[in-house]
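Visitor: need a 3D model of the sequence below.
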Amino acid sequence: MAERTRLAYLQAMGIQAWYMRLAAPHFAFPLPEGKGAAAIEPNPSIASPRSEPKAPLPSARGVEQKGLTAPEYPDSTATGKDIVHPSLLPQTEDIFYEDVPPQTSPSSTLAEILPAYNWDELQAQVASCTRCPLHQGRTQTVFGVGDRNADWMVIGEAPGEQEDLKGEPFVGPAGLLLNEMLRAIGLLREQVFIANILKCRPPKNRDPQPAEAAACEGYLKQQLALVRPKIILAVGRIAAQNLLKTTTPVGKLRGKVHDYKGVPLVVVYHPAYLLRSPLEKRAAFDDLRLALHTYRKLITKP
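Guide: This next block holds a predicted model:
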């Protein structure tokens, strides 16, 4: 990979790079004054919107993470600090991976699953859910957010304290880092759909219990069937193990293209973990590139 390209990726991920004084990077530019992420024009070769809206689907009856501090890098969207424009990120030919065939699944593909609810009905079902004891301690459910026609679906584990208060997944320090991770591959938060394995916050942000994940699984499957993503990012151990029905450690799941009902799935470390272990950002950066490479192969198939 060209040095200019490598440095562009690292800067977008918030990974500090050192330069010779006379070889300072020249590929970053400041955001327009007073503008945030909305001012950035996405790269159409990376985040190609679907050309036509989906037909309406039929209706049917019946963190704040404890102990975490803010990211060690400034929030570029808030300070106007130089960021990398998505159009400067490399095209497919700049990324090289040995092709790993996705695991095959005997179950039906996502495209064959007909949603039982439309979006409004499903959101109402989640908001009134009492399938497990977690509903007793929630402030509100955290349904999901983003583009409901997105090609990319990002799935995390469960709401934390701030998510429970705001009703939106991935807010706070971990959410800021997730935004930068997406930005590193030319995506804005608004261009993907973000959801969690659980829709309610577990007490003290503990790991979800199997029975709780099973109670929410139907809601997540319905969201997947409604969005019909072209690629899935499983963020963190809990999300990856629940989606892939495995107990394999996350370190052994990352770096590969998996299969979820016919949809390629790439595992990436959780932003909260990366805040505690910043050296692992490079591994997360590699996984994001793998996801981008996989997506580009899908959309360029004849």
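
Visitor: list the buried residues in stretch 152-170.
Guide: Across stretch 152-170, burial judged by 16 or more other C-beta atoms under 10 Å covers 152-170. Bear in mind the C-beta positions are built from the backbone N, C-alpha and C, glycine included.

Visitor: same check on stretch 192-212?
Guide: 192-202, 205, 208, 212.

Visitor: show the end-to-end separation of it, please.
Guide: Stretch 192-212 stretches 25 Å from its first residue to its last (C-alpha to C-alpha, to the nearest Å).

Visitor: cool, stretch 146-161 as well?
Guide: For stretch 146-161, the end-to-end distance is 20 Å (C-alpha to C-alpha).

Visitor: what mean pLDDT does it get?
Guide: When pLDDT is averaged over stretch 146-161, the result is 96.

Visitor: can you give me the strands for the stretch 101-250 of the chain?
Guide: 145-146, 152-156, 193-196, 231-235 (DSSP state E, counting those that start in this stretch).

Visitor: let's have those strands in CSV, adding distance to Leu243.
Guide: Below are those laid out as CSV (distance: least, C-beta to C-beta, whole Å):
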stretch, distance to Leu243
strand 145-146, 18
strand 152-156, 7
strand 193-196, 11
strand 231-235, 5
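
Visitor: indicate which one of these is closest to Lys252.
Guide: Nearest to Lys252, of all the strands of the stretch 101-250 of the chain, is strand 231-235, at 13.4 Å by C-beta to C-beta.

Visitor: which of the residues in that closest one are buried?
Guide: 231-235.

Visitor: low-confidence regions, the protein specifically.
Guide: Under the criterion pLDDT under 70, the flagged ranges of the chain are 1-107, 302.

Visitor: and with 50 instead?
Guide: 19-49, 51-106 (pLDDT under 50).

Visitor: what ranges does it have for its helices?
Guide: 3-12, 76-79, 119-127, 161-166, 172-184, 210-227, 237-244, 250-253, 271-276, 281-299 (DSSP state H).

Visitor: so which of the ones you listed is nearest Pro133?
Guide: Closest among the helices of the chain, once you apply C-beta to C-beta, is helix 210-227, at 8.2 Å.

Visitor: relative to helix 119-127, how tilted is the closest one?
Guide: Computed by axes from the mean of the first three to the mean of the last three C-alpha atoms, to 10 degrees, the angle separating helix 210-227 from helix 119-127 equals 170 degrees.

Visitor: thinking again about what came up before, output the buried residues of strand 231-235 as TSV; include the columns distance to Leu176.
Guide: Listed next are those as TSV, based on distance: C-beta to C-beta, whole Å:
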residue	distance to Leu176
Ile231	23
Ile232	22
Leu233	17
Ala234	20
Val235	14
